[in-house]
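J.: I'd like to go over a predicted model; first the sequence, then the structure.
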Amino acid sequence: MKIIEGGVTAAKGFCATGIAAGIKKSGKDMAMIYSEKACRVAGTFTTNLYKAAPVKWDQAIVKGCVGNRESECYTYRAADERPAGNLEEKDVGSAQRVRDVDGTAHVVVVNSGVANACTGEEGYGYCRDTAVKAAELFDIRENQVLIASTGVIGQQIPIDKICAGIEAMKPQLSPDEKSGSLAAEAIMTTDTVKKEAAVQITLGGKTVTVGGMCKGSGMIHPNMCTMLSFITTDADISREMLQKALSASVPDTYNMVSVDGDTSTNDTCLVLANGLAGNPEITRENEDYQLFFAALNEVNTLLAKKMAADGEGATAMLEVKIIGAKSKEQAVTISKSVVSSSLVKAMIYGHDANCGRILCAMGYSGADFDPEQVDVYFESAAGKIKIIENGVPNGYSEEEATKILSESAVTAIVDLKMGDATATAWGCDLTYDYVKINADYRS
């Protein structure tokens with residue numbers, strides 16, 4: 001596997017762009033991804049009961065639904081309105097009940113500034129309006145248009161600006177790296193840097209690329225942390241295997257990030273595969289599947305760490321690595337508890353090796369372990385130091401610990417001495433600026 005430059009345009013057949021459509025007060029605020037060939041699609045979404053309208057729209061497309069309803073895949077249309085494609089049909093009175101089982105997509109339209117969340121039927125209708133506009137311009141079906149939004153919750157989308165933005169973006173679409181970066185910039189809200197990643201592997205003698213972009217800085221917490229993530233690949237892989245790979249990757253990547261303990265209404269991770277690499281189609285969990293999964297997981301890991309490092313107001317990324325656990329579940333539970341602790345985050349900000357805060361967060365995690373066996377280390381570019389041995393402080397140098405904790409990336413390593421299982425979670429320090437950013441987010 002080779003890490004390469006680029007993002008969503010790194011894979012063959014994908015174009016992108018980003019523009020300022022006037023949704024935000026300033027800066028780029030609309031992005032588009034387009035594949036010349038219809039893509040198989042996989043997705044994972046927020047666990048928040050308040051799901052934004054675009055989440056409902058995309059969930060239905062991932063399920064392969066014409067009507068794009070979250071609650072049911074089937075919808076009613078007059079016979080002459082049935083879209084072309086692989087359909088299951090059943091007579092229902094004078095209409096047809098149809099289901100598009102392709103689950104394909106050509107276009108992703110993303111806006112920042114307004115989340116289109118908690119907006120009711122009107123907000124959902126704007127998703128359809130967005131899809132209809134894009135479908136007309138690209139001569140595709142409306143259910144081949146994926147949609148994502150991020151920004152202020154509870155405001156209606158300015159649909160006129162959205163439709164105008166779609167028209168403006170189409171002629172600007174390009175497969176070059178710069179255009180992918182424009183898209184990555186356009187989906188930012190409180191992010192301070194764009195977030196992209198790409199890797200290449202070889203499958204069946206063919207070069208396969210997996211690239212992606214994401215946004216995420218605040219309102220981020222495990223179990224689909226708050227983010228938008230878009231992954232593109234030219235791999236030829238079945239829809240079932242694509243979804244299996246994504247569903248297996250998310251728990252160890254995006255779900256291991258926590259900035260502030262808030263799970264968003266808009267979390268969306270989409271993977272689009274157009275098959276243009278020409279590798280033998282992956283239809284089962286063979287060696288090619290494992291290689292593809294490793295590439296997808298690497299891109300997701302790189303993007304997850306970029307989000308953690310760019311947490312709102314953050315001055316340092318915090319990595320919590322649990323080793324010596326008796327089970328993966330135990331390791332995950334403890335690592336999430338530590339990385340999510342406000343007191344641990346504040347400790348990192350203050351460069352203060354207040355080790356009791358880590359032990360406390362471990363103790364209330366709900367996981368069972370022996371507190372009198374635990375070792376804890378801090379590690380950074382400045383070195384590594386053990387601060388807890390067998391559950392108690394070991395007389396470490398405060399000066400050395402402070403030096404290690406003063407770096408921009410800090411790792412806390414916890415050895416439970418119970419087995420061979422491991423887990424890693426990512427977060428950031430908690431600063432005064434986090435409160436400032438969120439106190440006046442709308443203004």
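T.: Arrived safely, thanks for sending. Numbering: from 1, shown residues only.
J.: so where's the stretch 251-400 of the chain shaky on pLDDT?
T.: 259-264, 311-313 (pLDDT under 70).
J.: show me where it has helices.
T.: 287-309, 328-340, 342-349, 356-363, 398-405 (DSSP state H, counting those that start in this stretch).
J.: quick one: which of these is nearest residue 187?
T.: helix 287-309 (12.2 Å; Cβ to Cβ). The way it works is simple: take the backbone N, C-alpha and C, and place the C-beta from them, glycine included.
J.: who touches the helix or strand containing residue 122?
T.: According to DSSP states H and E, residue 122 maps onto helix 120-138. Counting contacts by Cβ atoms under 8 Å, 6 or more residues apart in numbering, the residues outside helix 120-138 that touch it are 34, 52-54, 56-57, 68, 106-107, 109, 116-117, 119, 140-145, 147, 156-157, 159, 162-163, 166-167, 170.
J.: Please apply the same query to stretch 410-424.
T.: Residues from elsewhere that reach stretch 410-424 (Cβ under 8 Å, 6+ apart): 252, 256, 316-328, 330-332, 334-335, 338, 344, 348, 358, 362, 369-370, 373-380, 404.
J.: Would you list the buried entries among those?
T.: 252, 256, 316-326, 330-332, 334-335, 338, 344, 348, 358, 362, 369, 374-380, 404 (16 or more other Cβ atoms under 10 Å).
J.: Would you convert the helices of the stretch 251-400 of the chain into TSV that also reports distance to residue 23?
T.: Below are the helices of the stretch 251-400 of the chain laid out as TSV (distance: least, Cβ to Cβ, whole Å):
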stretch	distance to residue 23
helix 287-309	22
helix 328-340	32
helix 342-349	32
helix 356-363	39
helix 398-405	40
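J.: out of those, nearest to residue 176?
T.: Of those, nearest to residue 176 by Cβ to Cβ is helix 287-309, at 19.3 Å.
J.: and the closest one, how far out from the chain's middle?
T.: Distance of helix 287-309 from its chain centroid, counting by Cα atoms, centre = their mean, to the nearest Å, is 11 Å.
J.: That helix packs against which elements?
T.: strand 195-203, strand 206-215, strand 228-233, helix 239-249, strand 317-325, strand 421-428 (3 or more Cβ pairs under 8 Å, 6 or more residues apart in numbering; DSSP states H and E).
J.: do you know which of those lies nearest residue 303?
T.: That would be strand 206-215 among those, by Cβ to Cβ, at 4.4 Å.
J.: angle of the closest one against strand 195-203?
T.: 160 degrees (axes from the mean of the first three to the mean of the last three Cα atoms, to 10 degrees).
J.: Any idea how far strand 206-215 is from the middle of the chain?
T.: With Cα atoms, centre = their mean, you get 13 Å for strand 206-215.
J.: buried sites along it?
T.: For strand 206-215, using 16+ other Cβ under 10 Å, the buried residues are 208-215.
J.: what does stretch 381-396 give?
T.: Buried, per 16+ other Cβ under 10 Å, within stretch 381-396: 382, 385-389, 396.
J.: Show me those that map onto strands.
T.: With DSSP state E as the criterion, strands contain 385-389 from among these.
J.: Show me the shaky parts of the stretch 1-150 of the chain.
T.: 65-102.
J.: sorry, back to before: can you redo the buried residues of stretch 381-396 as CSV with distance to residue 410?
T.: Output for the buried residues of stretch 381-396, formatted as CSV (distance: Cβ to Cβ, whole Å):
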residue, distance to residue 410
382, 9
385, 11
386, 15
387, 12
388, 16
389, 19
396, 15
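J.: Check those and tell me the two furthest apart.
T.: Across these (Cβ to Cβ), the longest gap, 20.6 Å, separates 382 and 389.
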